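Student: After the sequence you'll find the predicted model.
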Amino acid sequence: MVVLAKPAALEQITLLRTPEPWESFSGIPAVDLSGPDAAADVVRACERFGFFSVVNHGVPAGVVDRLEAEAVRFFASSQAEKDASGPADPFGYGSKRIGRNGDMGWVEYLLLAIERDALSKASPAPTSALRDAINAYVGAMRGLARTVLEMVAEGLGVSPRGALADMVTGDVASDQVFRLNHYPPCPLLQGLPPNCSVTGFGEHTDPQLVSILHSNGTPGLQVALHDGRWVSVPPNRDAFFVNVGDSLQVLTNGRLRSVRHRVVAGNGLKSRVSMIYFGGPPLAQRIAPLPQLLAGTPLYREFTWGEYKKAAYRSRLGDNRLAPFETPLVAMAHADHHRS
Ligand code: GA4
């Protein structure tokens, strides 16, 4: 990453020079969820990248289009109207500030809590049209999260097949979050080298089990491969993108790893609008390597999702949030590795 001299208005937002958002990587797997090998394909993609797209997912285009139109309408409304739903702490409308600990990005967003299959009553969804569109969309995402997590269990040989899916869409109310993001083009980049982009959302992993993302077909999302290289994800309006989160990494004892990802906003590119469903478990859910997947030493000690979430909200975006939960031997091995 190259840090450049920059205009004062971008003071606290990191500029990046690599890779270029329009140079996309063709290696990200697209899993056909209706295919006979879907479960094996999902696991292979999770192991190689912690990230993949799904096609033939069965989510009606109308559900997505309706929410996208409402999201665009919301972000185009006046600053005063948007501010009426903010400031996000953590829920509500936010602009540039991400989380509570000083992270900044060229982004505005609406972060909302979900209770079972709908927005929680306390969530400040600005209009009833937006609320209704989100509820329909979240219903579809719960179904998709369930399918993906059942396939992960099946592909890994975990039984029952619902063991992971039930943590997110089971009978006990789980901790689900929904987020709409808007990344406007960044005019302040004018005059800087053409291959410059600005951080829209800084690099991080998601703390939950899975996240499911949809975007309006605009580039900007980048993921880190296991060798540390950052690559740009080719946008696809017809697909959803699935991220492995930290909790799934722990449950699988590191066989699946959460994907580091970030969003960059460019100069002269059109606005990017994305919608993300985060599937977390109930607060009291114990997270520890599943006995069925524990061939050798457990890499992580057991914790509850509530504990992890509390620690996550105290951290900075780019922190390695799992490090404090590694078992002592693993932590020592990592420390040795970094020293040598
Ligand atoms: C990353 C994934 C989700 O967007 C999120 C984010 C949350 C926030 O925006 O408030 C966090 C971030 C996310 C992880 C570390 C903490 C909390 C911002 C931040 C600096 C809603 C979530 O659950 O964790």
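Tutor: Received, thanks.
Student: Tell me the gap between the top helix by length along the chain and the middle of its chain.
Tutor: Assignment by DSSP state H gives helix 128-156 as the longest helix of the chain. A distance of 14 Å separates the centroid of the chain from that of helix 128-156, by C-alpha atoms, centre = their mean, to the nearest Å.
Student: likewise stretch 38-48?
Tutor: Counting by C-alpha atoms, centre = their mean, stretch 38-48 comes out at 18 Å from the chain centroid.
Student: quick one: buried residues of that stretch?
Tutor: 38-39, 41-43, 45-48 (16 or more other C-beta atoms under 10 Å). Every C-beta, even on glycine, is put in place using the N, C-alpha and C of the backbone.
Student: model confidence over it, on average?
Tutor: For stretch 38-48, mean pLDDT is 98.
Student: Name the nearest residue to the closest residue to the ligand within the chain, sequence neighbours excluded.
Tutor: With C-beta to the nearest ligand atom as the measure, residue 99 is the residue of the chain nearest to the ligand, at 2.6 Å. Spatial nearest neighbour of residue 99, chain neighbours left out: residue 317 (6.3 Å); criterion: C-beta to C-beta, 6 or more residues apart in numbering.
Student: I'd like the distance between that neighbour and residue 104.
Tutor: 9 Å (C-beta to C-beta, to the nearest Å).
Student: where do the contact lists of these two overlap?
Tutor: Jointly contacting residue 317 and residue 104 under the rule C-beta atoms under 8 Å, 6 or more residues apart in numbering are residue 98.
Student: is the residue lying closest to residue 82 once chain neighbours are set aside in a bridge, and if so with what?
Tutor: Using C-beta to C-beta, 6+ apart and skipping the chain neighbours, the partner closest in space to residue 82 is residue 93 (5.0 Å). When bridges are called by DSSP bridges, residue 93 pairs up with residue 110.
Student: Now do residue 330: how many residues are near it, please.
Tutor: Here the number of neighbours of residue 330 (other C-beta atoms under 10 Å) works out to 17.
Student: Next, it: phi, psi?
Tutor: phi -70, psi -40 (degrees, to the nearest 10).
Student: circling back: in the longest helix of the chain, which residues are buried?
Tutor: Buried, per 16+ other C-beta under 10 Å, within helix 128-156: 130-138, 140-142, 144-156.
Student: Verify the contact between residue 221 and residue 203 for me.
Tutor: No - with contact defined as C-beta atoms under 8 Å, residue 221 does not reach residue 203; the gap is 11.5 Å.
Student: Which residues are in contact with each of those two?
Tutor: In contact with both residue 221 and residue 203: 261-262, using C-beta under 8 Å, 6+ apart.
Student: quick one: which of those two has more around it?
Tutor: Shown here are residue 221 and residue 203; by other C-beta under 10 Å, residue 221 has more neighbours (25 against 18).
Student: tell me which residues form a beta bridge with the more buried one?
Tutor: Going by DSSP bridges, residue 221 forms beta bridges with residue 263.
Student: quick one: contacts for it?
Tutor: Counted by C-beta under 8 Å, 6+ apart, residue 221 has contacts 213, 215, 232-233, 235, 241, 261-263, 274.
Student: Now the spatially closest residue to residue 207 that is not a sequence neighbour. Its backbone dihedrals?
Tutor: Spatial nearest neighbour of residue 207, chain neighbours left out: residue 312 (4.5 Å); criterion: C-beta to C-beta, 6+ apart. Phi and psi for residue 312, reported as degrees, to the nearest 10, are phi -60, psi -40.
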